[in-house]
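> below: sequence and its predicted model.
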Amino acid sequence: MDFVSNLDPAWLWMIGGVLLLIMELIAPGFFLVFIGAAALATGFFAALFGLGLVPQLALFALYSIIAVMVGRKFYNVKATESTDPLLNDRSGRLIGKSVVAVSAIDEHSGRVRVADSEWSARGGPAEAGDRVRITGVEGNCLIVEAERRLS
C-alpha cells in the first residue's frame, strides 16, 4: 500500500485510463473507451505540467465531456431500419388472420386460439368453435369479427 501512496497522481490517472480501456475490451459497451481516453489525457497533462488535484479533476471532467461528444459525433450508431413495420409487434402481426373461438365471444369478452396459445378477444359475436378474423388489437385483447361464409 505504501507504493500506491507514494505514486504520482498522474500515473494513477494513466493506470486508471488503461484499466478502463481494458475493461472496454472485456465487456464492450462503447462508453468506457471515452472515459479511459479522458483519464489518459488527464494523466499525461498532470505529469507534463505538475497539476494539483482540483485542476486534474476539472481537466478530467472537461476531457470526459469532450470525448463523449466527439464519440457521439463520429460513432453515431443508427438503428437498422426494417422493411417490415410489424417486425417486433407479435399482436400486430396477427391482424387479418383467421382463428377459432375457444369460448363465446361478444363485445365484452371471449377467448380465441392462436397457434398454440389462447388470447382474450372481444367483438364477434361468435360461438365456441366458430372461425373469426382478427381485425385489431387493444392492449393484450384481440378485436375479432365473425368470418363471413360463402354459401
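Perfect, thanks for sending it.

> all helices of the chain, in order?
Under the criterion DSSP state H, helices of the chain are mapped to 2-5, 9-26, 32-49, 53-74, 90-93.

> would you mind finding the most buried of those?
helix 32-49 (a mean of 20; mean count of other C-beta atoms under 10 Å). For every residue, glycine as well, the C-beta is placed using N, CA and C.

> list of residues touching it?
In this structure, residues lying in contact with helix 32-49 by C-beta atoms under 8 Å, 6 or more residues apart in numbering are 8-21, 23-24, 51, 55-56, 59-60, 63-64, 66-68, 71.

> repeat for stretch 84-97
Contacts for stretch 84-97 (C-beta under 8 Å, 6+ apart): V114, R133, I134, T135, G136, V137, N140, L142.

> which of the residues you listed fall in strands?
V114, R133, I134, T135, G136, V137, L142 (DSSP state E).

> distance between the ends of stretch 135-148?
End-to-end distance of stretch 135-148: 13 Å, with C-alpha to C-alpha, to the nearest Å as the criterion.

> same question for stretch 90-103.
End to end - C-alpha to C-alpha - stretch 90-103 spans 22 Å.

> let me know the average pLDDT across it.
Across stretch 90-103, pLDDT averages out at 89.

> do the same with stretch 52-70
93.

> which of the helices and strands in the protein ranks last by mean pLDDT?
In the chain, no helix or strand scores lower on mean pLDDT, DSSP states H and E than helix 2-5, which sits at a mean of 61.

> most neighbours, which of the contacts of stretch 84-97?
L142 (26 neighbours; other C-beta atoms under 10 Å).

> excluding chain neighbours, what is closest to it?
A121 (4.5 Å; C-beta to C-beta, 6 or more residues apart in numbering).

> that neighbour contacts A146, doesn't it?
No: counting by C-beta atoms under 8 Å, A121 does not reach A146; the two are 11.6 Å apart.

> got the contact list for A128?
By C-beta under 8 Å, 6+ apart, the neighbours of A128 are A101, V102, S103, A104.
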